[in-house]
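Chemist: Following is a predicted model, sequence given first.
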Amino acid sequence: MTNQRILARDVANHVDSTVTVRGWAESIRRHSKVAFIDLRDRTGITQIVVTGELLTAIQTVTDESVLSVTGKVTKRPQNLINANIVSGTIEIQAESVEVDTLAAALPMPLNDRSVGEDVRLKYRYLDLRSRKMAENLRLRHQMNQYIRQYLSEREFVEVETPTISKSTPEGARDYLVPSRIIPGSFYALPQSPQQYKQLLMVGGIERYFQIARCFRDEDARGDRQPEFTQLDIEMSFTTQEEILATVEELFLGLVTKFFPEKTLTFGESVPRLTHAEVMEKYGTDKPDLRKDTTNPDELAFAFVVDFPLFDWDEKKKRFDAAHHPFTAPKKEYIETFEKQPKEALSEAYDLVLNGSEIASGSIRINQPELQSRIFAFIGHDQRSIDEKFGHIIEAFRFGAPPHGGIAPGLDRIYSILLKEETIRDVIAFAKAGDGRDLMMNAPSVVDDSQLKELGIQLRK
Ligand code: ASP
(Lines give C-alpha, C1' and ligand atoms only; values in the text may rest on other atoms or scores of the structure.)
Protein backbone atom coordinates (compact mmCIF):
# COMPACT_ATOMS: atom_id res chain seq x y z
CA MET A 1 0.00 0.00 0.00
CA THR A 2 1.46 3.31 -0.98
CA ASN A 3 -1.21 5.48 0.60
CA GLN A 4 -1.15 6.20 4.29
CA ARG A 5 -4.11 4.73 6.13
CA ILE A 6 -6.99 7.15 6.76
CA LEU A 7 -9.50 6.51 9.58
CA ALA A 8 -13.25 6.50 9.06
CA ARG A 9 -13.71 9.66 11.10
CA ASP A 10 -11.28 11.55 8.82
CA VAL A 11 -12.26 10.31 5.38
CA ALA A 12 -14.71 13.17 4.84
CA ASN A 13 -11.75 15.59 4.93
CA HIS A 14 -10.37 13.97 1.77
CA VAL A 15 -13.19 14.48 -0.75
CA ASP A 16 -12.00 13.99 -4.36
CA SER A 17 -8.68 12.47 -3.32
CA THR A 18 -7.62 8.85 -3.35
CA VAL A 19 -7.18 7.33 0.09
CA THR A 20 -6.60 3.95 1.72
CA VAL A 21 -8.85 2.70 4.50
CA ARG A 22 -8.30 -0.51 6.45
CA GLY A 23 -10.54 -2.49 8.73
CA TRP A 24 -13.18 -5.19 8.99
CA ALA A 25 -15.96 -5.77 6.45
CA GLU A 26 -18.89 -5.43 8.84
CA SER A 27 -21.40 -6.06 6.11
CA ILE A 28 -21.34 -6.66 2.39
CA ARG A 29 -24.47 -5.97 0.35
CA ARG A 30 -24.13 -7.44 -3.14
CA HIS A 31 -26.33 -6.33 -6.06
CA SER A 32 -25.86 -7.30 -9.70
CA LYS A 33 -23.76 -4.30 -10.78
CA VAL A 34 -22.59 -2.90 -7.48
CA ALA A 35 -21.66 -4.02 -3.96
CA PHE A 36 -21.50 -1.94 -0.77
CA ILE A 37 -19.08 -2.78 2.00
CA ASP A 38 -19.36 -1.23 5.45
CA LEU A 39 -15.72 -1.12 6.46
CA ARG A 40 -15.22 -0.70 10.21
CA ASP A 41 -12.19 0.64 12.00
CA ARG A 42 -11.81 1.83 15.59
CA THR A 43 -13.40 5.17 14.75
CA GLY A 44 -16.46 3.97 12.85
CA ILE A 45 -17.69 2.86 9.46
CA THR A 46 -16.90 3.92 5.90
CA GLN A 47 -19.09 2.88 3.00
CA ILE A 48 -17.12 1.36 0.14
CA VAL A 49 -18.69 1.19 -3.33
CA VAL A 50 -17.43 -1.68 -5.47
CA THR A 51 -18.20 -1.88 -9.22
CA GLY A 52 -16.88 -3.42 -12.45
CA GLU A 53 -14.12 -6.00 -12.38
CA LEU A 54 -13.55 -5.61 -8.67
CA LEU A 55 -16.91 -7.30 -8.08
CA THR A 56 -15.35 -10.63 -9.06
CA ALA A 57 -12.34 -9.96 -6.84
CA ILE A 58 -14.53 -9.54 -3.76
CA GLN A 59 -16.80 -12.46 -4.53
CA THR A 60 -15.24 -14.67 -1.85
CA VAL A 61 -14.89 -11.94 0.78
CA THR A 62 -16.85 -12.86 3.89
CA ASP A 63 -18.27 -10.66 6.64
CA GLU A 64 -15.61 -9.58 9.17
CA SER A 65 -12.73 -10.21 6.77
CA VAL A 66 -9.92 -7.67 7.10
CA LEU A 67 -9.52 -5.47 4.02
CA SER A 68 -7.36 -2.64 2.76
CA VAL A 69 -9.29 -0.55 0.28
CA THR A 70 -7.94 2.24 -1.89
CA GLY A 71 -10.28 4.50 -3.76
CA LYS A 72 -11.58 7.95 -4.44
CA VAL A 73 -13.61 9.74 -1.77
CA THR A 74 -16.83 11.12 -3.25
CA LYS A 75 -19.59 13.16 -1.68
CA ARG A 76 -22.93 11.42 -1.34
CA PRO A 77 -26.01 13.01 -2.84
CA GLN A 78 -28.01 14.87 -0.16
CA ASN A 79 -30.71 12.17 0.00
CA LEU A 80 -28.17 9.41 0.66
CA ILE A 81 -26.38 11.06 3.58
CA ASN A 82 -26.31 8.67 6.55
CA ALA A 83 -26.20 10.59 9.81
CA ASN A 84 -25.70 7.36 11.79
CA ILE A 85 -22.11 6.78 10.72
CA VAL A 86 -19.06 9.07 11.14
CA SER A 87 -18.35 9.19 7.43
CA GLY A 88 -21.99 9.41 6.40
CA THR A 89 -21.54 12.33 4.00
CA ILE A 90 -19.12 10.46 1.73
CA GLU A 91 -18.33 7.07 0.29
CA ILE A 92 -15.27 5.57 -1.32
CA GLN A 93 -15.30 4.32 -4.93
CA ALA A 94 -12.99 1.33 -4.63
CA GLU A 95 -10.04 1.15 -7.03
CA SER A 96 -8.36 -1.75 -5.32
CA VAL A 97 -9.41 -4.15 -2.58
CA GLU A 98 -6.75 -6.17 -0.83
CA VAL A 99 -7.80 -8.99 1.45
CA ASP A 100 -5.53 -9.03 4.50
CA THR A 101 -7.30 -12.04 6.01
CA LEU A 102 -10.54 -13.83 5.24
CA ALA A 103 -12.82 -14.41 8.21
CA ALA A 104 -14.53 -17.73 8.86
CA ALA A 105 -18.26 -17.61 9.57
CA LEU A 106 -18.66 -15.97 12.99
CA PRO A 107 -20.12 -18.12 15.80
CA MET A 108 -22.24 -15.16 16.92
CA PRO A 109 -23.62 -11.94 15.48
CA LEU A 110 -21.95 -8.75 16.67
CA ASN A 111 -23.98 -6.01 18.36
CA ASP A 112 -26.65 -8.44 19.50
CA ARG A 113 -26.98 -8.66 23.25
CA SER A 114 -29.61 -11.38 23.02
CA VAL A 115 -26.81 -13.85 22.23
CA GLY A 116 -26.18 -16.11 25.24
CA GLU A 117 -23.58 -14.56 27.52
CA ASP A 118 -21.50 -17.74 27.58
CA VAL A 119 -21.02 -17.41 23.83
CA ARG A 120 -20.04 -13.75 24.20
CA LEU A 121 -17.51 -14.69 26.90
CA LYS A 122 -16.06 -17.61 24.93
CA TYR A 123 -15.59 -15.40 21.88
CA ARG A 124 -14.86 -12.26 23.85
CA TYR A 125 -12.42 -10.99 21.21
CA LEU A 126 -15.36 -10.92 18.80
CA ASP A 127 -17.70 -9.41 21.37
CA LEU A 128 -15.17 -6.59 21.80
CA ARG A 129 -15.84 -5.66 18.16
CA SER A 130 -19.38 -4.67 19.15
CA ARG A 131 -20.03 -0.97 19.47
CA LYS A 132 -21.17 -1.16 23.08
CA MET A 133 -18.20 -3.18 24.35
CA ALA A 134 -15.72 -1.07 22.39
CA GLU A 135 -17.29 2.08 23.81
CA ASN A 136 -17.28 0.64 27.34
CA LEU A 137 -13.58 -0.13 27.17
CA ARG A 138 -12.71 3.30 25.76
CA LEU A 139 -14.78 5.08 28.40
CA ARG A 140 -13.29 2.91 31.14
CA HIS A 141 -9.86 3.96 29.95
CA GLN A 142 -10.83 7.64 29.87
CA MET A 143 -12.38 7.48 33.34
CA ASN A 144 -9.27 5.74 34.68
CA GLN A 145 -7.21 8.54 33.13
CA TYR A 146 -9.45 11.14 34.78
CA ILE A 147 -9.03 9.46 38.16
CA ARG A 148 -5.26 9.22 37.77
CA GLN A 149 -5.03 12.88 36.85
CA TYR A 150 -7.35 14.05 39.62
CA LEU A 151 -5.37 12.21 42.29
CA SER A 152 -1.95 13.01 40.82
CA GLU A 153 -2.80 16.71 40.87
CA ARG A 154 -3.50 16.35 44.59
CA GLU A 155 -0.10 14.79 45.28
CA PHE A 156 -1.27 11.20 45.48
CA VAL A 157 1.39 8.75 44.31
CA GLU A 158 0.40 5.67 42.34
CA VAL A 159 2.31 2.71 43.76
CA GLU A 160 2.12 -0.85 42.48
CA THR A 161 1.95 -3.44 45.23
CA PRO A 162 2.70 -7.17 44.91
CA THR A 163 0.30 -9.71 43.48
CA ILE A 164 1.88 -12.79 44.99
CA SER A 165 2.02 -12.08 48.65
CA LYS A 166 0.48 -12.97 51.97
CA SER A 167 -3.18 -13.14 52.78
CA THR A 168 -4.96 -9.98 53.94
CA PRO A 169 -8.33 -10.67 55.55
CA GLU A 170 -11.22 -8.99 53.75
CA GLY A 171 -13.71 -11.65 54.68
CA ALA A 172 -13.22 -13.99 51.71
CA ARG A 173 -11.21 -17.11 50.94
CA ASP A 174 -7.72 -16.63 49.51
CA TYR A 175 -6.43 -17.81 46.16
CA LEU A 176 -3.23 -19.66 46.98
CA VAL A 177 -0.09 -19.91 44.86
CA PRO A 178 2.26 -22.74 45.80
CA SER A 179 5.93 -21.90 46.09
CA ARG A 180 8.29 -24.19 44.19
CA ILE A 181 11.40 -22.90 45.90
CA ILE A 182 10.06 -23.26 49.41
CA PRO A 183 8.04 -26.47 49.16
CA GLY A 184 4.93 -26.67 51.27
CA SER A 185 4.56 -22.89 51.51
CA PHE A 186 2.12 -20.69 49.66
CA TYR A 187 1.65 -17.14 48.55
CA ALA A 188 -1.85 -15.71 48.64
CA LEU A 189 -3.25 -13.38 46.00
CA PRO A 190 -4.27 -10.16 47.73
CA GLN A 191 -7.96 -9.79 48.63
CA SER A 192 -6.97 -6.11 48.54
CA PRO A 193 -3.68 -4.21 48.96
CA GLN A 194 -4.88 -3.25 52.46
CA GLN A 195 -1.72 -4.06 54.42
CA TYR A 196 0.62 -2.75 51.74
CA LYS A 197 -1.14 0.60 51.61
CA GLN A 198 -0.94 0.91 55.38
CA LEU A 199 2.74 -0.03 55.25
CA LEU A 200 3.20 2.68 52.60
CA MET A 201 1.84 5.11 55.18
CA VAL A 202 4.40 3.83 57.71
CA GLY A 203 6.87 4.35 54.85
CA GLY A 204 6.00 8.06 54.72
CA ILE A 205 4.26 8.12 51.29
CA GLU A 206 1.33 9.99 52.92
CA ARG A 207 -0.93 9.92 49.85
CA TYR A 208 -1.24 6.69 47.86
CA PHE A 209 -3.51 5.36 45.19
CA GLN A 210 -3.55 2.41 42.87
CA ILE A 211 -5.96 1.05 40.31
CA ALA A 212 -5.52 -2.34 41.90
CA ARG A 213 -6.64 -5.86 41.15
CA CYS A 214 -8.17 -7.72 44.10
CA PHE A 215 -8.69 -11.48 44.28
CA ARG A 216 -11.37 -13.14 46.39
CA ASP A 217 -12.30 -16.80 46.20
CA GLU A 218 -16.01 -16.57 46.88
CA ASP A 219 -18.84 -18.80 45.82
CA ALA A 220 -20.33 -17.75 42.52
CA ARG A 221 -22.98 -15.19 43.33
CA GLY A 222 -24.68 -12.63 41.12
CA ASP A 223 -22.15 -10.79 39.07
CA ARG A 224 -19.17 -11.12 41.38
CA GLN A 225 -15.84 -11.76 39.72
CA PRO A 226 -12.96 -13.72 41.28
CA GLU A 227 -10.78 -10.76 40.36
CA PHE A 228 -11.98 -7.20 40.26
CA THR A 229 -10.57 -3.69 40.23
CA GLN A 230 -10.55 -1.20 43.07
CA LEU A 231 -9.40 2.37 43.16
CA ASP A 232 -7.35 1.87 46.30
CA ILE A 233 -6.66 5.05 48.28
CA GLU A 234 -4.84 5.74 51.55
CA MET A 235 -3.93 9.01 53.28
CA SER A 236 -1.92 9.95 56.36
CA PHE A 237 -2.67 12.74 58.87
CA THR A 238 -6.19 12.78 57.58
CA THR A 239 -9.76 12.74 58.81
CA GLN A 240 -12.80 10.79 57.77
CA GLU A 241 -14.24 13.98 56.35
CA GLU A 242 -11.18 14.66 54.20
CA ILE A 243 -11.32 11.14 52.72
CA LEU A 244 -15.06 11.36 52.01
CA ALA A 245 -14.70 14.84 50.50
CA THR A 246 -11.90 13.64 48.20
CA VAL A 247 -13.96 10.75 46.89
CA GLU A 248 -17.08 12.91 46.62
CA GLU A 249 -15.35 15.56 44.52
CA LEU A 250 -13.65 12.91 42.40
CA PHE A 251 -16.80 11.03 41.44
CA LEU A 252 -19.12 14.01 41.09
CA GLY A 253 -16.50 15.59 38.81
CA LEU A 254 -16.22 12.39 36.80
CA VAL A 255 -20.00 12.12 36.38
CA THR A 256 -20.31 15.75 35.32
CA LYS A 257 -17.55 15.36 32.75
CA PHE A 258 -18.52 12.03 31.21
CA PHE A 259 -22.28 11.85 31.81
CA PRO A 260 -23.71 15.38 31.66
CA GLU A 261 -27.14 13.86 30.88
CA LYS A 262 -27.38 12.27 34.34
CA THR A 263 -29.14 13.87 37.27
CA LEU A 264 -27.81 13.79 40.83
CA THR A 265 -30.52 13.14 43.42
CA PHE A 266 -28.75 15.30 45.99
CA GLY A 267 -27.23 17.83 43.60
CA GLU A 268 -23.64 18.81 44.23
CA SER A 269 -23.44 17.19 47.66
CA VAL A 270 -23.43 13.64 48.95
CA PRO A 271 -25.35 13.13 52.21
CA ARG A 272 -23.66 11.44 55.18
CA LEU A 273 -26.08 9.08 56.92
CA THR A 274 -25.31 6.94 59.93
CA HIS A 275 -25.51 3.17 59.76
CA ALA A 276 -28.10 3.14 62.56
CA GLU A 277 -30.21 5.69 60.70
CA VAL A 278 -30.27 3.82 57.38
CA MET A 279 -30.87 0.45 59.02
CA GLU A 280 -33.86 1.85 60.85
CA LYS A 281 -35.26 3.77 57.93
CA TYR A 282 -34.54 1.44 55.01
CA GLY A 283 -33.65 -1.90 56.62
CA THR A 284 -30.42 -2.11 54.59
CA ASP A 285 -26.98 -0.53 54.74
CA LYS A 286 -27.09 0.16 50.99
CA PRO A 287 -30.34 2.01 50.43
CA ASP A 288 -31.44 3.08 46.99
CA LEU A 289 -32.20 6.76 47.57
CA ARG A 290 -33.27 7.71 44.06
CA LYS A 291 -36.47 9.70 43.80
CA ASP A 292 -37.50 7.65 40.78
CA THR A 293 -35.96 4.17 40.58
CA THR A 294 -37.21 3.62 37.04
CA ASN A 295 -34.85 6.33 35.80
CA PRO A 296 -31.37 4.84 35.18
CA ASP A 297 -29.93 8.30 34.56
CA GLU A 298 -30.61 9.35 38.15
CA LEU A 299 -27.68 8.87 40.52
CA ALA A 300 -28.17 8.82 44.28
CA PHE A 301 -24.76 8.81 45.97
CA ALA A 302 -24.73 8.64 49.79
CA PHE A 303 -22.13 7.94 52.45
CA VAL A 304 -23.07 5.58 55.25
CA VAL A 305 -20.88 6.20 58.32
CA ASP A 306 -20.48 4.88 61.88
CA PHE A 307 -20.65 1.18 61.05
CA PRO A 308 -20.52 -1.31 63.93
CA LEU A 309 -17.01 -2.50 64.75
CA PHE A 310 -17.97 -6.20 64.87
CA ASP A 311 -20.47 -8.59 63.35
CA TRP A 312 -21.56 -11.78 65.07
CA ASP A 313 -20.35 -14.77 63.05
CA GLU A 314 -22.95 -17.45 63.62
CA LYS A 315 -20.83 -20.24 62.05
CA LYS A 316 -17.77 -19.52 64.15
CA LYS A 317 -19.85 -18.50 67.16
CA ARG A 318 -17.79 -15.39 67.76
CA PHE A 319 -17.48 -11.77 66.77
CA ASP A 320 -15.57 -10.86 63.63
CA ALA A 321 -14.43 -7.51 62.24
CA ALA A 322 -17.39 -5.96 60.43
CA HIS A 323 -15.15 -4.20 57.87
CA HIS A 324 -11.65 -5.63 58.38
CA PRO A 325 -9.52 -5.95 61.51
CA PHE A 326 -7.38 -2.88 60.70
CA THR A 327 -10.38 -0.58 61.20
CA ALA A 328 -10.19 1.73 64.20
CA PRO A 329 -12.92 1.70 66.83
CA LYS A 330 -14.46 5.09 67.52
CA LYS A 331 -12.54 6.69 70.41
CA GLU A 332 -15.31 6.22 72.92
CA TYR A 333 -15.34 2.44 72.40
CA ILE A 334 -11.59 1.77 72.62
CA GLU A 335 -11.74 0.98 76.34
CA THR A 336 -14.95 -1.02 76.23
CA PHE A 337 -15.20 -2.96 72.96
CA GLU A 338 -14.22 -6.29 74.52
CA LYS A 339 -16.92 -6.00 77.19
CA GLN A 340 -19.59 -4.48 74.98
CA PRO A 341 -18.77 -5.59 71.44
CA LYS A 342 -22.31 -5.14 70.16
CA GLU A 343 -22.41 -1.48 71.10
CA ALA A 344 -18.98 -0.62 69.69
CA LEU A 345 -18.97 1.60 66.62
CA SER A 346 -16.09 1.92 64.18
CA GLU A 347 -14.51 4.52 61.96
CA ALA A 348 -15.73 2.60 58.90
CA TYR A 349 -17.80 4.07 56.09
CA ASP A 350 -19.30 3.06 52.76
CA LEU A 351 -20.28 4.95 49.65
CA VAL A 352 -23.52 3.70 48.14
CA LEU A 353 -24.95 4.45 44.71
CA ASN A 354 -28.47 3.50 43.61
CA GLY A 355 -28.65 0.64 46.10
CA SER A 356 -25.14 -0.74 45.49
CA GLU A 357 -22.18 -0.50 47.83
CA ILE A 358 -19.53 1.09 45.62
CA ALA A 359 -16.77 1.87 48.14
CA SER A 360 -15.77 1.06 51.68
CA GLY A 361 -13.02 2.32 53.87
CA SER A 362 -12.07 3.36 57.34
CA ILE A 363 -9.72 5.23 59.59
CA ARG A 364 -7.17 2.62 60.65
CA ILE A 365 -5.57 1.52 63.84
CA ASN A 366 -1.98 2.81 64.12
CA GLN A 367 -1.22 1.60 67.67
CA PRO A 368 0.40 -1.86 67.95
CA GLU A 369 -1.31 -2.65 71.27
CA LEU A 370 -4.78 -1.78 70.03
CA GLN A 371 -4.20 -3.76 66.83
CA SER A 372 -3.17 -6.82 68.90
CA ARG A 373 -6.25 -6.46 71.12
CA ILE A 374 -8.54 -6.46 68.08
CA PHE A 375 -6.91 -9.58 66.65
CA ALA A 376 -7.13 -11.31 70.00
CA PHE A 377 -10.78 -10.37 70.39
CA ILE A 378 -11.76 -11.81 67.01
CA GLY A 379 -10.19 -15.12 67.94
CA HIS A 380 -6.48 -15.10 67.14
CA ASP A 381 -4.13 -16.50 69.76
CA GLN A 382 -0.71 -14.91 70.19
CA ARG A 383 0.94 -17.39 67.85
CA SER A 384 -1.53 -16.75 65.07
CA ILE A 385 -1.20 -12.97 65.54
CA ASP A 386 2.60 -13.25 65.30
CA GLU A 387 2.52 -15.54 62.28
CA LYS A 388 -0.14 -13.77 60.31
CA PHE A 389 0.21 -10.15 61.33
CA GLY A 390 3.52 -9.84 63.17
CA HIS A 391 4.99 -7.75 60.35
CA ILE A 392 2.32 -5.03 60.48
CA ILE A 393 2.24 -4.88 64.27
CA GLU A 394 6.01 -4.57 64.26
CA ALA A 395 5.79 -1.82 61.63
CA PHE A 396 3.41 0.14 63.86
CA ARG A 397 6.14 0.16 66.55
CA PHE A 398 8.39 2.31 64.37
CA GLY A 399 6.24 5.41 64.14
CA ALA A 400 2.98 4.86 62.28
CA PRO A 401 1.15 8.06 61.29
CA PRO A 402 -2.60 8.26 61.83
CA HIS A 403 -4.09 7.16 58.53
CA GLY A 404 -7.18 6.02 56.72
CA GLY A 405 -8.46 5.26 53.28
CA ILE A 406 -11.14 3.95 51.03
CA ALA A 407 -11.46 1.67 48.01
CA PRO A 408 -14.15 2.35 45.39
CA GLY A 409 -14.97 -0.68 43.24
CA LEU A 410 -14.47 0.57 39.72
CA ASP A 411 -16.20 -2.27 37.88
CA ARG A 412 -19.41 -1.69 39.79
CA ILE A 413 -19.29 2.10 39.47
CA TYR A 414 -18.60 1.96 35.75
CA SER A 415 -21.34 -0.60 35.14
CA ILE A 416 -23.89 1.65 36.89
CA LEU A 417 -22.74 4.73 35.00
CA LEU A 418 -22.75 2.89 31.66
CA LYS A 419 -26.16 1.38 32.48
CA GLU A 420 -24.89 -2.17 32.16
CA GLU A 421 -26.67 -4.88 34.11
CA THR A 422 -23.50 -6.74 35.02
CA ILE A 423 -19.93 -5.74 35.82
CA ARG A 424 -18.85 -8.31 33.20
CA ASP A 425 -19.84 -5.83 30.51
CA VAL A 426 -17.25 -3.28 31.65
CA ILE A 427 -14.46 -5.87 32.00
CA ALA A 428 -12.55 -6.80 28.83
CA PHE A 429 -12.00 -10.45 29.70
CA ALA A 430 -14.56 -11.33 32.32
CA LYS A 431 -15.06 -14.70 33.94
CA ALA A 432 -18.41 -16.48 33.71
CA GLY A 433 -20.73 -16.55 36.71
CA ASP A 434 -19.07 -19.73 38.02
CA GLY A 435 -15.60 -18.18 37.85
CA ARG A 436 -14.47 -19.92 34.66
CA ASP A 437 -12.61 -18.16 31.89
CA LEU A 438 -14.56 -19.60 28.96
CA MET A 439 -12.25 -18.12 26.36
CA MET A 440 -8.94 -19.43 27.74
CA ASN A 441 -10.59 -22.44 29.34
CA ALA A 442 -9.28 -21.77 32.84
CA PRO A 443 -8.97 -23.13 35.44
CA SER A 444 -7.59 -26.26 33.84
CA VAL A 445 -5.65 -29.36 34.85
CA VAL A 446 -1.88 -29.06 34.81
CA ASP A 447 0.84 -31.54 33.89
CA ASP A 448 1.94 -34.06 36.46
CA SER A 449 5.49 -32.78 36.09
CA GLN A 450 4.37 -29.29 37.18
CA LEU A 451 2.72 -30.69 40.29
CA LYS A 452 5.78 -32.78 41.04
CA GLU A 453 8.02 -29.73 40.91
CA LEU A 454 5.74 -28.05 43.39
CA GLY A 455 5.73 -31.07 45.65
CA ILE A 456 1.96 -31.36 45.28
CA GLN A 457 -0.02 -34.56 45.07
CA LEU A 458 -3.73 -34.35 44.29
CA ARG A 459 -6.08 -36.16 46.62
CA LYS A 460 -8.29 -38.78 45.05
N1 ASP B 1 -9.40 -2.80 51.73
C2 ASP B 1 -10.78 -2.46 51.95
C3 ASP B 1 -11.66 -3.29 51.05
O4 ASP B 1 -11.22 -3.85 50.05
C5 ASP B 1 -11.11 -1.05 51.68
C6 ASP B 1 -10.43 -0.14 52.64
O7 ASP B 1 -10.62 -0.28 53.84
O8 ASP B 1 -9.75 0.78 52.16
O9 ASP B 1 -12.85 -3.39 51.30
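Modeler: The structure has been received and is ready for your questions. Numbers count the residues shown, from 1 in each chain.
Chemist: number of nearby residues for the closest residue to Asp217 other than its chain neighbours?
Modeler: Spatial nearest neighbour of Asp217, excluding adjacent residues (CB to CB, 6 or more residues apart in numbering): Arg173 at 3.9 Å. Just so you know, the C-beta spots here come from the backbone N, C-alpha and C atoms, and that holds for glycine as well. Other residues near Arg173 number 13, with proximity taken as other CB atoms under 10 Å.
Chemist: Arg216 is in contact with Arg173, correct?
Modeler: Yes. The pair Arg173 and Arg216 passes the contact test of CB atoms under 8 Å, sitting 7.2 Å apart.
Chemist: I'd guessed Asp297 sits against Leu264; true?
Modeler: No. Applying CB under 8 Å as the test, Asp297 and Leu264 come out as separate, 10.2 Å apart.
Chemist: Could you check which of those two has the larger neighbour count?
Modeler: A direct count of neighbours by other CB under 10 Å for Asp297 and Leu264 places Leu264 higher, at 15 against 11.
Chemist: hey, what's that one bridged with?
Modeler: Assessed by DSSP bridges, Leu264 has beta-bridge partners Leu299.
Chemist: The helix or strand hosting Asp320: partners in the sheet, and parallel or antiparallel?
Modeler: Per DSSP states H and E, Asp320 falls inside strand 318-321. In the sheet, strand 318-321 lines up against strand 310-313 (antiparallel) (DSSP bridges).
Chemist: centre of the chain versus the strand it pairs with, how much separation?
Modeler: With CA atoms, centre = their mean, to the nearest Å as the basis, strand 310-313 stands 29 Å off its chain's centre.
Chemist: next one: stretch 335-348
Modeler: Relative to its chain's centre, stretch 335-348 lies at 34 Å (CA atoms, centre = their mean).
Chemist: Now it: buried residues?
Modeler: Neighbour-count burial for stretch 335-348 flags 337, 341, 344-348 (criterion: 16 or more other CB atoms under 10 Å).
Chemist: Among these, which lie within strands?
Modeler: When DSSP state E defines the strands, the subset of these inside them is Ala348.
Chemist: With distance to the ligand added, can I get the buried residues of stretch 335-348 in CSV?
Modeler: Putting the buried residues of stretch 335-348 into CSV (distance: CB to the nearest ligand atom, whole Å) gives the following:
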residue, distance to the ligand
Phe337, 18
Pro341, 20
Ala344, 18
Leu345, 16
Ser346, 11
Glu347, 10
Ala348, 7
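Chemist: Could you report the neighbour count for Thr327?
Modeler: Number of residues near Thr327 (other CB under 10 Å) recorded here: 23.
Chemist: Repeat that for Asp425.
Modeler: Asp425 has 21 neighbouring residues, counting by other CB under 10 Å.
Chemist: i'd like the first residue to be 47 from this point on
Modeler: OK, 47 is where the count begins now, so the last one is Asp471.
Chemist: That one belongs to a strand?
Modeler: No. With DSSP: H, G, I helix; E, B strand; the rest coil as the criterion, Asp471 is located in helix rather than a strand.
Chemist: Hmm, it is touching Ser461, no?
Modeler: Yes. Between Asp471 and Ser461 there is a contact under CB under 8 Å: 6.4 Å.
Chemist: any weak-confidence spans in the protein?
Modeler: 47-49 (pLDDT under 70).
Chemist: Name the residue closest to the centre of it, please.
Modeler: Nearest to the mean C-alpha position of the chain, by CA atoms, centre = their mean, lies Asp457 at 3.1 Å.
Chemist: nearest spatial neighbour of it, skipping sequence neighbours?
Modeler: Leaving aside its sequence neighbours, Asp457 sits nearest to Ile469 (CB to CB, 6+ apart; 3.9 Å).
Chemist: Could you look up the SS state of the residue in the stretch 147-296 of the chain positioned nearest to the ligand?
Modeler: Per CB to the nearest ligand atom, Ser238 is where the stretch 147-296 of the chain lies closest to the ligand, at 3.5 Å. Classification of Ser238 by three-state DSSP places it in coil.
Chemist: gap between it and Ile411?
Modeler: 16 Å (CB to CB, to the nearest Å).
Chemist: again, but for Arg443
Modeler: 13 Å.
Chemist: More neighbours: which of these two?
Modeler: Neighbours per residue (other CB under 10 Å) separate Arg443 from Ile411, with Ile411 holding more: 26 against 11.
Chemist: so Leu197 touches Val293, yeah?
Modeler: No. If you go by CB under 8 Å, Leu197 and Val293 don't touch, sitting 10.4 Å apart.
Chemist: Need phi/psi at Phe347.
Modeler: Reported as degrees, to the nearest 10, the phi and psi values for Phe347 are phi -80, psi 140.
Chemist: do Leu222 as well
Modeler: phi -100, psi 150.
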